[in-house]
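Chemist: build me a structure from this.
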Amino acid sequence: MTDDSAIRIFIDADACPVKDEAYRVAARHSVPVSVVAQGFIRVPDDPSIERIAAGTAPDAADDWIAARTGKKSIVVTADIPLASRVVKSGGIAIAPNGRVFTEDDIGMALAMRNLMTDIRSAGESTGGPKPFTPKDRSTFLSSLDNAIRRVQRMELKG
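Modeler: Here you go, the predicted model:
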């Protein structure tokens, strides 16, 4: 569990298309960022951006992030099981397309993900995810900004 005294953004960085956007929003709000990947990943030379090589074990990056999230954590991830773990810990999980996962919808998202995995393992072609669009990028920027403001308001309430 992370130190709940400070807001922090965690980026599940392997294949994340919005890292640069997250850095910009974080800098505007003076929020530190942990960029977590299986191995080495290039990050900007900025003291508020921490690079973490979590290891090559399956789900190593997800496990590292999940072990450190709390109520003031914002996690950028397309991984539904990780998003579920974050939401259960009281944190905020945002997909790169801007979708904010909530307690109300994470169960359905996880069930749909598991169903699609079962269909693919049975040999069916599911077509994969939709292409990432400029609208997705814009929605992500707005969702991340709103999430930071929400956690900041929570801090003010004590």
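Chemist: mind listing what's buried in the lowest-mean-pLDDT helix or strand in the chain?
Modeler: Within the chain, confidence by mean pLDDT, DSSP states H and E is lowest for helix 106-121 among all helices and strands, at a mean of 73. Across helix 106-121, burial judged by 16 or more other C-beta atoms under 10 Å covers 106, 109-110. Quick note: C-beta positions are derived from backbone N, CA and C, even for glycine.
Chemist: same deal with stretch 67-82?
Modeler: 68-69, 72-82.
Chemist: so which of the residues you listed is the closest to residue 38?
Modeler: Minimum distance to residue 38 across the buried residues of stretch 67-82 is 12.5 Å, recorded for residue 79 (C-beta to C-beta).
Chemist: wait, that closest one sits on residue 63?
Modeler: No: counting by C-beta atoms under 8 Å, residue 79 does not reach residue 63; the two are 11.3 Å apart.
Chemist: ok, now which ones touch residue 141?
Modeler: 21, 25, 98 (C-beta atoms under 8 Å, 6 or more residues apart in numbering).
Chemist: can you pull the contacts of the last one?
Modeler: It refers to residue 98. Residue 98 touches 136, 138-143, counting by C-beta under 8 Å, 6+ apart.
Chemist: kindly recompute the last result at 6 Å.
Modeler: 139-140, 143 (C-beta atoms under 6 Å, 6 or more residues apart in numbering).
Chemist: measure it to residue 130 for me?
Modeler: Distance, residue 98 to residue 130, by C-beta to C-beta, to the nearest Å: 13 Å.
Chemist: kindly report the same for the second one.
Modeler: As judged by C-beta to C-beta, residue 25 and residue 130 stand 23 Å apart.
Chemist: mind checking which of these two has more residues around it?
Modeler: residue 25 (22 against 8; other C-beta atoms under 10 Å).
Chemist: take the helix or strand that the more buried one is a member of, keep the C-alpha atoms, and write them as CSV.
Modeler: In this structure, residue 25 is located in helix 19-29 according to DSSP states H and E. Provided in CSV are the C-alpha atoms of helix 19-29 (Å, rounded to 0.1, in the frame of the first residue of the first chain):
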residue,chain,number,x,y,z
LYS,A,19,2.2,8.4,-21.2
ASP,A,20,3.2,11.8,-22.5
GLU,A,21,-0.3,13.2,-21.9
ALA,A,22,-0.2,11.8,-18.3
TYR,A,23,3.1,13.5,-17.7
ARG,A,24,1.8,16.9,-18.9
VAL,A,25,-1.4,16.7,-16.7
ALA,A,26,0.6,15.5,-13.7
ALA,A,27,3.1,18.4,-14.1
ARG,A,28,0.3,20.9,-14.3
HIS,A,29,-1.0,19.7,-10.9
